[in-house]
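A.B. asks: test case, fold it:
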Amino acid sequence: MNWRSLQAFLLTLVVIATQSMFIAPVQASILTSATLQLSTHAISTIADHTFAFVTPSGVESSTDTLIVDYATGFSLGSVAFGDIDLAVDDDGACDGPWGDKTLASSAGAGTWGASVAGQIITFTAPTDAALGEITAGRCVQIQVGTHASGGVNQVTNPGSAASYEVDVYGTFGDHALYAVGITGTSGLPVTAVVSSGGGPSLPPPVGDTTGPVISNVLVSNITTTSATVTWLTDEAASRVLSYGTTPSYALGNLTDGAFRTVHTQSLSGLQENTGYHFRILATDNSGNATTSGDYTFSTLDLTPPVVTVSVINITETTADIVWTTDEATTGVVTVTDAGTYPDASLSTAHTVSLTGLTSATTYNVQVAAQDASNNTTVKNTSFTTLTDLPPSNVMNFTATAGDTVVTLAWTSPTDADFAGVILVYRTDRFPTDPADGTSIYTGFNTSFLHTGLTNGQKYFYTIFATDAARMLSSGATASATPFTTATPIDTTLPPGDTTLPVGDTTLPPGDTTLPPGDTTPVTPPVVIVPGDTTPPSVPVITPEPDLPEPEPSVLIPVSEVTFMVARDAIMLRPSNDLLHVLGGRPLAISLNVANAPSTITSVDLTASNGSFLMNPATLLVSRFDTSLVAVENESLYVARVVTPLESGPLTIAIHYVTGETQVLTYQLNVRANGSVIADTSKEYLSDVAVSLYERLGNWQLWNAVEYAQENPLQVDGNYAWYVPNGTYRVRALKEGYSSVDTVALQIEDNIINVPIVLIELLPPVDTMIQNGASPLSATVQQLNQSIRILRQNPGVISVSRYATPVVAVSAASTVGIVLAAFNGLPFLQYLFTAPFLLFKRRRRKQWGVVYDSLRKIPVDLAIVRLLDGQSKRVLKSQVTDRQGRYLFIVKPGVYLLQVSKEGFTYPTVILADLKRDGEYLDLYHGEPISVTEADAVVAANIPLDPAGEGVKTPAKIKLDRLARRVMYALSLIGLVVALIVAFLHPTTWTVAVALIQALSFVLFVRMAIPARPKSWGIVYDRQTRRPLIDTVVRIFDPTYNKLLETQLTDSRGRYAFLVGPNEYYTTYEKDSYTKLEVRPIDRTDTKEASYVSVDVGLTKNTPS
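C.D. replies: You can find the predicted model right below:
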């Protein structure tokens, strides 16, 4: 190349380079480290805004301006320069210290102008601004709101949830675009979003090794099934967002390969009210990647809670409202006429206890439950408090007379609302209510001394119990007559006085009662006249007999008497006048006198713990000093008592105006409480939780509250319940003891009081060993404990009792089937005669053998009978063993042998002309046997011909095999069940049934299950070498061409025939394969039985 050409080339390069400078686009400088923080992202809410960014250009002229442009939706309202701060950091770290710029409404020397117009805030540089006003690379901070110095006004966020842009730029070329997420109350603001403002991506800096900075991550637009995630990267980057319900992010990865700095990713198909995790992978165009941390949010919950409300523990004045929800809620319970009860705790179970209610009153309840997402459900219900019943009478009320005094004592009732007693007396009859006599005591004492009385005067007392509602009991009664204490008699006579003084025997008018302890009849004084030796006549006083009051001819039926317990919720029904009760419990006795034959004056009730009045059912109100009585039912006489602790009579005496009395007598059978005791010590156990379950379709905890009882109970050794008749089960639990569930109890007398025994649990085996027990001892003790607990389990015992008759029937059926189907009777006979055979075997080594004439193998369980040669009478019989052996020891004579075995014929036809068959000598064909010596042995070899088996189809063979398997399973199951029943419920019957079942199983195994072959033949596919299942294999005797046995190969292609010393041949057949015959199979050189087990390959047929 010459110089001129080189000069032209260089000039062209200069021109191209110059043109390239003018063609390249001019791009704004990017504000870096840009952030925007809002004090709140909630919609329509005022917020403080803080901008921070690093300016790459800086401010160096009075003509430079900085603008913040809010998107439509934001409202700056009254924001002015006084609500704004502008500050500059001393470096680009945006961490202070900050140097504040002076602001005014317009720019001046050293003062920045700050003005607000619509959505725009404009900052104007000072009029004297010069290079370094804001140094390039420094961090700039703008604060708008109350956090600014002197700030009063704030920016109002948009009214709807969305992503909004805020643009920040300067006339000097810097620019940033913020994307701000505004959310509803369920949104999850993380921070603001910022971008470079768009435009083509800048090429990466040379040597860029730093990954993008991910910031301002925000989740917005959250619904029940979707959400939007936005974030910022400080440089253009692609993204991968991984999300899921756990930090494993199993729901997938959402990828966007475009390079950008503002990122938005929508998530859909989410589940309502579910927490989600996500993370972000950002990669710049240099391949540098950054992975964010784990972020979480939850989708909205718009489903109201499911609320269940129930009212429990209802009494006369209290109740508990229990409400549960399927998610944590707060709520408010409103009860009409009772108040409002807020519950601010988030929970799924709430209880409100009501007190101070009015008895027999209906209350309406409203429960408003609100979950954490403000979804609300309202449920309404109602309940009625219990009617306030009169209290029970006092017990053991006694009156003991003294000199001008009577001592009164009683036992107060145990009613929860017992409020004291009122003691009243009269001198003519028993008071019938507190106003019917003189009140002498009110209060809570259990005794009272009545003083200042007149000796000889009888006093009638009635004591009334009262409750908190001022209801009264019917009254307990007692009476006594004060008397003068006897004075010692002075036997010294004054001179001339011959009259012996006697005690004061004067009785008050109408009183014939002797003072206590004085059993001497009253005798007039005897006067002795001096000189008169004739004793005067003494008048004899005959006491009037105590005649019983006449009984009316028309009686009130016994059926008119009712006995109520458990707060009058359960009626007890006497059987033949015998009434079962629990001791020390309230009992209400009612007598319906609507059909009384005449007017009733009074009704008395007497039991071993006191006498009581029965008054018409009333509504009584007492204030201790007065009593208001409102008769509710004049025909219903009622007394409420506490039952005595011991059995005894209970009588009701009905007194008529005619002077007649009708007496109704019952016998109270006081039942003991149910006990909870330890198995070994037999001591009562304390702190035991006893629960009662009622069968209502399924087992449910019995509601005892409406019966004035508790369930479960925490008991100290004893318990009992009154219950409606039905089916129940009791469960007892105690730490360190086995738990017990009773069998289903069919209750017909309204009382549950079953005894319960708990077994104390041993410590773990390793603990027992550490405490010195040997491993064997510890294991045995644990096993023994397990057996005791298993046998204690009433459910298992119950099952065993039900199972016993079933097992018995099963055993009998199984035995019958085995005996019939598998010729089992000879086996039973063999079992009976086997001991005698064993005895004979010790004396003889030669035996007669019954064998198969074709297969030359012994025939077991064949019945061999010895007959008299003349009369043909059976003399003896035996059953052959597995080797087909038998023998008879006989006296001289002529005998015949007869053999029977199912599947064989006797005598042999095949070997009829032979005397020897291989190893078998002296063959017997039915000829007479003549014996001339004593104790001779009859032991001939007897061949039997197999009955024609016939050709069985594969289906018949499979059916036979299936039948045997079913029989085996039934026999085994029956045996196991029988043994378990005998173990759990050992009785003579169950043990006998178990033995029968065991016998049936032995029968089946012995008769129906062939011995396992010692070797197998295998039939297989010649080409694939795979075993062939269900191949029909038959074995024949070649001499007589007689079929001996047929088998099907098993799942592994196996078969085997047990044969004796003889010659055989076999055939093999299977669908789609060529039939094969294998002969000869020579076993004549063997002396013992062996198996025919030839491996055979079959050839598959070629399709034609």
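
A.B. asks: strands paired with the helix or strand where E327 lies, and their directions?
C.D. replies: Element membership for E327, per DSSP states H and E: strand 319-335. Strand 319-335 has the following sheet partners, assigned by DSSP bridges: strand 307-312 (antiparallel), strand 339-354 (antiparallel), strand 362-371 (antiparallel).

A.B. asks: so what touches the shortest one?
C.D. replies: Right, strand 307-312. Residues external to strand 307-312 that are found in contact with it (CB atoms under 8 Å, 6 or more residues apart in numbering): 319-325, 329, 365, 367, 369, 377, 379, 381, 383, 703, 705. Glycine gets a C-beta too; all of them are placed from N, C-alpha and C.

A.B. asks: from these, which would you call buried?
C.D. replies: For those, a neighbour count by 16 or more other CB atoms under 10 Å gives the buried set as 319, 321-325, 329, 365, 367, 369, 377, 379, 383, 705.

A.B. asks: out of those residues, the closest to G356 would be?
C.D. replies: Using CB to CB, A319 is the member of those that lies nearest G356, at 10.7 Å.

A.B. asks: how many residues are close by the closest residue to Q714 other than its chain neighbours?
C.D. replies: Spatial nearest neighbour of Q714, excluding adjacent residues (CB to CB, 6 or more residues apart in numbering): A689 at 5.9 Å. For A689, the neighbour count with other CB atoms under 10 Å is 14.

A.B. asks: again, but for Y363
C.D. replies: Y363 is surrounded by 20 other residues when neighbours are defined as other CB under 10 Å.

A.B. asks: surely it meets V333?
C.D. replies: No. Here Y363 lies out of contact with V333, judged by CB atoms under 8 Å, at a distance of 11.1 Å.

A.B. asks: next one, pLDDT for the closest residue to L582 other than its chain neighbours please.
C.D. replies: Spatial nearest neighbour of L582, excluding adjacent residues (CB to CB, 6+ apart): A720 at 5.2 Å. A720 is assigned 96 on the pLDDT scale.

A.B. asks: quick check: A720 touching S675?
C.D. replies: No. Counting by CB under 8 Å, A720 stays clear of S675, with 9.9 Å between them.

A.B. asks: comparing the two, which residue is more hemmed in?
C.D. replies: Between A720 and S675, counted using other CB under 10 Å, the more crowded position is A720 (21 against 18).

A.B. asks: neighbouring contacts of the strand holding E327?
C.D. replies: Here strand 319-335 makes contact (CB under 8 Å, 6+ apart) with 273, 305-313, 340-354, 357, 363-372, 377, 379, 383, 385.

A.B. asks: OK, contacts around A653?
C.D. replies: Contacts of A653 (CB under 8 Å, 6+ apart): V603, D604, L605, T606, T661, Q662, V663.

A.B. asks: doesn't it belong to a strand?
C.D. replies: Yes. Counting by DSSP: H, G, I helix; E, B strand; the rest coil, A653 is found in a strand.

A.B. asks: what about the helices in the protein?
C.D. replies: 3-23, 765-770, 775-792, 794-821, 824-841, 954-984, 988-1008 (DSSP state H).

A.B. asks: where among those is average confidence lowest?
C.D. replies: Ranked on mean pLDDT, the bottom entry among the helices of the chain is helix 3-23, at a mean of 40.

A.B. asks: verify the contact between A947 and F904 for me.
C.D. replies: Yes. When contacts are counted by CB under 8 Å, A947 is listed as touching F904 (6.2 Å).

A.B. asks: between those two, which one's more packed in?
C.D. replies: F904 (18 against 11).

A.B. asks: residues touching the nearest residue to the more buried one once chain neighbours are set aside, list them.
C.D. replies: In this structure, F904 finds its nearest non-sequential neighbour in L944, 3.9 Å apart by CB to CB, 6+ apart. Taking CB under 8 Å, 6+ apart as the contact definition, L944 lies against V850, Y851, D852, S853, V859, A862, V899, K901, F904, T905, Y906, T908.

A.B. asks: now for the residues you listed: which two are most distant?
C.D. replies: The span of those, defined through CB to CB, is set by Y851 and T905 at 13.7 Å.

A.B. asks: so between these two, which is more surrounded?
C.D. replies: Y851 (25 against 16).

A.B. asks: how near is that one to I942?
C.D. replies: Y851 is 8 Å from I942, where distance means CB to CB, to the nearest Å.

A.B. asks: go on, A368?
C.D. replies: Distance, A368 to I942, by CB to CB: 98 Å.

A.B. asks: so for those two, which sits in the more crowded spot?
C.D. replies: A direct count of neighbours by other CB under 10 Å for A368 and I942 places I942 higher, at 28 against 17.

A.B. asks: N750: neighbouring residues, count only.
C.D. replies: Close neighbours of N750, defined as other CB under 10 Å, add up to 21.

A.B. asks: wait, isn't it in contact with A569?
C.D. replies: No. Applying CB under 8 Å, one finds N750 not in contact with A569, separated by 10.5 Å.

A.B. asks: ok, back up a step: and the contacts of A653, which is closest to G269?
C.D. replies: Nearest to G269 among the contacts of A653: L605, at 77.6 Å, using CB to CB.

A.B. asks: drop anything exposed from the contacts of strand 319-335.
C.D. replies: Buried among the contacts of strand 319-335 (16+ other CB under 10 Å): 273, 305, 307, 309, 311, 313, 341, 343, 350, 352, 354, 357, 363, 365-371, 377, 379, 383, 385.

A.B. asks: before we move on, the earlier item: which one of the buried ones among the contacts of strand 307-312 is nearest M967?
C.D. replies: When the buried ones among the contacts of strand 307-312 are compared for distance to M967 (CB to CB), T324 wins out at 55.0 Å.

A.B. asks: now do the contacts for Y1073.
C.D. replies: Counted by CB under 8 Å, 6+ apart, Y1073 has contacts D1021, L1028, T1031, L1098, T1099, K1100, N1101.

A.B. asks: now swap in G110 and tell me
C.D. replies: For G110, the contacting residues are T102, P126, D128, by CB under 8 Å, 6+ apart.

A.B. asks: now that we have those, which one has the most neighbours?
C.D. replies: Highest count within the contacts of G110 by other CB under 10 Å belongs to P126, 20 neighbours.

A.B. asks: quick one: it and S61 touch, right?
C.D. replies: No. Between P126 and S61 no contact is recorded; they are 10.1 Å apart, counting by CB under 8 Å.

A.B. asks: got any residues that touch both of the two?
C.D. replies: Contacts common to P126 and S61, judged by CB under 8 Å, 6+ apart, are E133.

A.B. asks: per-domain residue ranges of this protein.
C.D. replies: 29-185, 211-299, 307-384, 388-487+556-671, 674-761, 823-946, 1011-1104 (automatic domain parsing).

A.B. asks: just put those domains in a markdown table and tack on distance to R965.
C.D. replies: Output for the domains of the chain, formatted as a markdown table (distance: least, CB to CB, whole Å):
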| stretch | distance to R965 |
| --- | --- |
| domain 29-185 | 70 |
| domain 211-299 | 48 |
| domain 307-384 | 51 |
| domain 388-487+556-671 | 55 |
| domain 674-761 | 36 |
| domain 823-946 | 18 |
| domain 1011-1104 | 12 |
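
A.B. asks: hey, least reliable of the ones you listed by pLDDT?
C.D. replies: Of all the domains of the chain, domain 823-946 has the smallest average pLDDT, which comes to a mean of 79.

A.B. asks: distance from that one to the middle of the chain?
C.D. replies: 68 Å (CA atoms, centre = their mean, to the nearest Å).

A.B. asks: which ones are touching Y1064?
C.D. replies: Y1064 is in contact with I1035, F1036, D1037, P1038, L1044, F1057, R1079, P1080, I1081, R1083, V1092, counting by CB under 8 Å, 6+ apart.
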